[in-house]
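*Asks:* Attaching a predicted model along with its sequence, questions to come.
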Amino acid sequence: MWRWAAPHPDWVPGAEPGTPGEWPQLVGSVAYAAPDALLLIDPLVPEDLWDQLRALVEGHGRPVRVFTTLKWHRRSRDEVVERLGARAVRRAAELPDGVQALRIPRAGETMVWLPGPRALVPGDRLLGDGAGGLRLCPPGWLRYLSPGLSQDKLRKALRPLLDLPVELVLVSHGEPVLREGRYALERALR
């Protein structure tokens, strides 16, 4: 498994706090070597990382699948498909063996659960909190959902994640949680 962070080309400095335009410049992506495929989750691949990614693909020697957790995270998806001969997948049945898609009701997001490393890969609903833990996304990030989703309803929708033995939470925005992920998740959902 490999998580990398790259500068998002659409990032704008000084966005108003809590608005959909406010996020750290660096965003995270994940590569997971499943037995039957290499899975890339929300990949954002800057030019200087293509050689490393190609080497990872060649070293694994299996087909490449690309999964996006929500519509805003298409990022380098199409370029990965073109350059690496990957296939974009959206349905749980198309994911590699042992990888689970966790649709978050009404949240416009499907998280990825990797049982082997006990890693949860969210898109935008869980963020790094800047102190080694997690937080919910700002309410402004939920405004486009129909019908609207409050943070209280989001907390309720995320509660089933507490049934997982989460160790790692590989967030897209902020620093990942690299140990005691379930505890960090529990704190964020209080």
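*Replies:* All right, it came through fine. Numbers count the residues shown, from 1 in each chain.
*Asks:* list the buried ones in the helix ranked longest in the chain?
*Replies:* The longest helix of the chain (DSSP state H) is helix 50-60. Within helix 50-60, the residues scored as buried using 16 or more other C-beta atoms under 10 Å are 53, 56-57, 60. Glycine gets a C-beta too; all of them are placed from N, C-alpha and C.
*Asks:* Nearest to residue 142 among those?
*Replies:* Set against residue 142, the nearest of these by C-beta to C-beta is residue 53 (32.1 Å).
*Asks:* Hmm, that closest one is touching residue 86, no?
*Replies:* No. Counting by C-beta atoms under 8 Å, residue 86 is not a contact partner of residue 53; they are 10.2 Å apart.
*Asks:* Find residues that contact each of the two.
*Replies:* Contact criterion C-beta atoms under 8 Å, 6 or more residues apart in numbering; residues shared by residue 53 and residue 86: residue 80.
*Asks:* Give me the helices and strands touching the longest helix of the chain, please.
*Replies:* Using 3 or more C-beta pairs under 8 Å, 6 or more residues apart in numbering; DSSP states H and E, the elements in contact with helix 50-60 are strand 26-33, strand 38-41, helix 77-84.
*Asks:* Deepest in the core, which of the ones you listed is it.
*Replies:* Neighbour counts (mean count of other C-beta atoms under 10 Å) averaged over each of the helices and strands packed on helix 50-60 peak at strand 38-41, with a mean of 26.
*Asks:* okay, the helices and strands packed on helix 50-60 in JSON lines with mean pLDDT next?
*Replies:* Output for these, formatted as JSON lines (pLDDT from 0 to 100):
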{"stretch": "strand 26-33", "mean pLDDT": "96"}
{"stretch": "strand 38-41", "mean pLDDT": "97"}
{"stretch": "helix 77-84", "mean pLDDT": "95"}
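*Asks:* Can you say which of the ones you listed is nearest to residue 138?
*Replies:* Closest among these, using C-beta to C-beta: strand 26-33, at 15.8 Å.
*Asks:* pretty sure residue 26 is touching residue 8, no?
*Replies:* Yes. Counting by C-beta under 8 Å, residue 26 touches residue 8, with 7.5 Å between them.
*Asks:* what touches both of these two?
*Replies:* Shared contacts of residue 26 and residue 8, defined by C-beta under 8 Å, 6+ apart, are absent.
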